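Asks: Any chance you could fold what I've pasted below:
(2 chains)
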Number of protein chains: 2
Amino acid sequence: MTDLYRSRHETSPAMLPRQDPVVHGRWTPDAPITRAQTELYERNGYLVLEDVFTHDEVNTLQRETARLLADPGGLAPETLITEPGSDEIRSIFAIHDQNPLMGKLASDDRLAGVARFLLDDAVSIHQARLNYKPGFEGKEFYWHSDFETWHVEDGMPRMRALSISVLLADNNANNGPLMLIPGSHKSYLTCVGRTPENHYRDSLKKQEYGVPDRASLTALAQTHGIDAPTGNAGTVVLFDCNTMHGSNGNITPFPRSNAFFVYNAVSNALVEPFGAKTRRPAFIADRRFRPVEITGGHNPMREHAA
Amino acid sequence: MTDLYRSRHETSPAMLPRQDPVVHGRWTPDAPITRAQTELYERNGYLVLEDVFTHDEVNTLQRETARLLADPGGLAPETLITEPGSDEIRSIFAIHDQNPLMGKLASDDRLAGVARFLLDDAVSIHQARLNYKPGFEGKEFYWHSDFETWHVEDGMPRMRALSISVLLADNNANNGPLMLIPGSHKSYLTCVGRTPENHYRDSLKKQEYGVPDRASLTALAQTHGIDAPTGNAGTVVLFDCNTMHGSNGNITPFPRSNAFFVYNAVSNALVEPFGAKTRRPAFIADRRFRPVEITGGHNPMREHAA
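Replies: Numbers count the residues shown, from 1 in each chain, chains lettered A, B, ... in the order given. Reported below is the predicted structural model:
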């Protein structure tokens, strides 16, 4: 298969044009989001939806998340990610497979239905996790395009995937919210810094791979600005697989957590990695390509469609 | 001298009442800030002033700052602070003594005059520095009350000092701006964690001393909230010596810099440190108690006084 998005091969970065649509389908009055929302997503590469879940639903999700973090005994050990030097759990991967409530959330029409519409295809879960960022010592997450990683390390051929984050704690400007560069999804920034043949152990750290260069990030941020959507628990943030994003650390006492689902078009099934010798584990990059059976007809967004 | 603000002596933290006024004088129509601004400062422990400097003045200060950071050759080496593992300068201390323009800025009526009014006394410079926080890798600065440090390590007897930061780059919500807890200045949070007799080298790190505990920080932030004033270059932020503040790191491409002056009432001259065996160096804690000769009559704020 031709590598349309070759990265980590050259010694200098390049800003290449995107080869795929952002909104793969066409908006109709039956769409689960409004025409204006669809256009906003197309233009910015992300969309914030409020009041998607009821107060009770948010409470239930929060309680379940707290329970899982406090008592992860029944979960597969390899899916539990802790910070180096800490026992505290930062992420639980493959959460949709391991927890019925989270599985139901991943299949909910209000999330999966929007993904199906934007990708114009049946969708499968590429990755699903619960994220927890503590207060006081929350670590930053450096700028990246998810697609660059999924393409190079997981073999995702095309830009026909998106992420949906369901905020499970209030995000304000000060507790390290997700930052996105609007419009960055329309270019593909290739990364340099391929691991040298004789690398040292330090260079194996994740952040050595697929890191965008500073000059390109500066150009992107100066051209497009940076947006950090804030919202209360229950707010839903959708973003395209190629939208440049990251987050600052968090010294405030207020932790953040979210349920995070990556939907991929089933027609965009993973092949062999384009820039790595081995596949990443299944809990990071699902290769079952099992179409999500979308459940639940309740969709408050549809009521606003116009 | 009685230690009114004993800290780093007990094994559990305490929230003690402040023993000193916040606004030491009385507002009159001659004051350099308005009555409303004075009340806001008293209540919140900080105040943001915009349009204090002309565009040309801001440009001149920015050029001089860039010049000093790029070519620090003429400056005293001990006053240049770099991040560990980097040659890049993060702070230049005693900048008012080492650079005529910064000396003039420190003495400017628009800064020193406001300090003199709020402290109701002639003022001396306790500390003066240029700060530079780079983009991409700007480090966080954990919560602290400056007064706790100045009292314990420098022997500042009373809460009759304040800091003025002149922003020399635009501060937005995303590039790690100063965060303050409004109202936190009215209590004195004692710190635990006195260095043990048999400490290891790691425990000598600055952040091991005078660190507020998490439960108290949570209570303060939940009671009062957190504010992160934003503003363009030239914005002036004044804050009381006991206002709890800190800042997150900064992964955005946009660096931050400011000129930072601590004014102390001359009647509040330093004595021996209340909780340290040795004094800190003069470039960190000036002991000359030389009253600032305030210069410049131009004060755009006075025009708004009412």
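
Asks: can you pull the buried residues of stretch A:20-31?
Replies: By neighbour count on 16 or more other Cβ atoms under 10 Å in any protein chain shown, the buried set for stretch A:20-31 is A:Asp20, A:Val22, A:Val23, A:His24, A:Trp27, A:Ala31. (C-beta placed from N, C-alpha, C; glycine too.)

Asks: If you could redo that for stretch A:282-295, that was the one I meant.
Replies: For stretch A:282-295, by 16+ other Cβ under 10 Å, it's A:Phe283, A:Ile284, A:Ala285, A:Asp286, A:Phe289, A:Val292, A:Ile294.

Asks: again, but for stretch A:130-142
Replies: Counting neighbours by 16+ other Cβ under 10 Å, stretch A:130-142 gives A:Leu130, A:Asn131, A:Tyr132, A:Lys133, A:Pro134, A:Gly135, A:Phe136, A:Gly138, A:Lys139, A:Glu140, A:Phe141, A:Tyr142 as buried.

Asks: Can you redo the buried residues of stretch A:282-295 as CSV, where the extra columns are secondary structure and distance to chain B?
Replies: Formatted as CSV, these follow (DSSP: H, G, I helix; E, B strand; the rest coil; distance: Cβ to the nearest Cβ, whole Å):
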residue, secondary structure, distance to chain B
A:Phe283, coil, 27
A:Ile284, coil, 23
A:Ala285, coil, 25
A:Asp286, coil, 29
A:Phe289, coil, 34
A:Val292, coil, 33
A:Ile294, coil, 35
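
Asks: Take those and lay them out in CSV including distance to B:Asn248 and pLDDT.
Replies: Listed next are those as CSV, based on distance: Cβ to Cβ, whole Å; pLDDT from 0 to 100:
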residue, distance to B:Asn248, pLDDT
A:Phe283, 30, 94
A:Ile284, 28, 94
A:Ala285, 31, 95
A:Asp286, 33, 96
A:Phe289, 39, 90
A:Val292, 36, 96
A:Ile294, 38, 94
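
Asks: Also within reach of chain B: list those from the buried residues of stretch A:130-142.
Replies: By Cβ under 8 Å from any Cβ of the partner chain, the members of the buried residues of stretch A:130-142 lying near chain B are A:Gly135, A:Phe136, A:Glu140, A:Tyr142.

Asks: Restricted to strands, list the residues you listed.
Replies: Secondary structure from DSSP state E places A:Tyr142 of those in strands.

Asks: returning to what we had before: can you tell me which of the buried residues of stretch A:20-31 lies closest to A:Ile125?
Replies: The nearest member of the buried residues of stretch A:20-31 to A:Ile125, counting by Cβ to Cβ, is A:His24 at 17.7 Å.

Asks: Buried residues, stretch A:212-224. List them.
Replies: A:Pro212, A:Asp213, A:Ser216, A:Leu217, A:Leu220, A:Ala221, A:His224.

Asks: So of the residues you listed, which two are at opposite extremes in space?
Replies: A:Asp213 and A:His224 (16.5 Å).

Asks: tally of neighbours for A:Asp87?
Replies: Burial measure for A:Asp87: 7 neighbouring residues, criterion other Cβ atoms under 10 Å in any protein chain shown.

Asks: I should have written A:Thr79 there, sorry.
Replies: So A:Thr79, with other Cβ under 10 Å, has 20 neighbours.

Asks: Might you list the low-confidence residue ranges for the stretch 201-306 of chain A?
Replies: In the predicted model of the stretch 201-306 of chain A, residues A:201-208, A:297-306 satisfy pLDDT under 70.

Asks: so where do the strands sit in it?
Replies: Listed in chain order, the strands of the stretch 201-306 of chain A (DSSP state E, counting those that start in this stretch) span A:236-240, A:245-247, A:256-265.

Asks: How about A:His185: what's its closest non-neighbour residue?
Replies: A:Gly45 (3.3 Å; Cβ to Cβ, 6 or more residues apart in numbering or on different chains).

Asks: and the one you found, what does it touch?
Replies: Contact partners of A:Gly45, counting by Cβ atoms under 8 Å, 6 or more residues apart in numbering or on different chains, are A:Val22, A:Leu180, A:Pro182, A:Gly183, A:Ser184, A:His185, A:Lys186, A:Phe239, A:Asp240, A:Asn242, A:Thr243.
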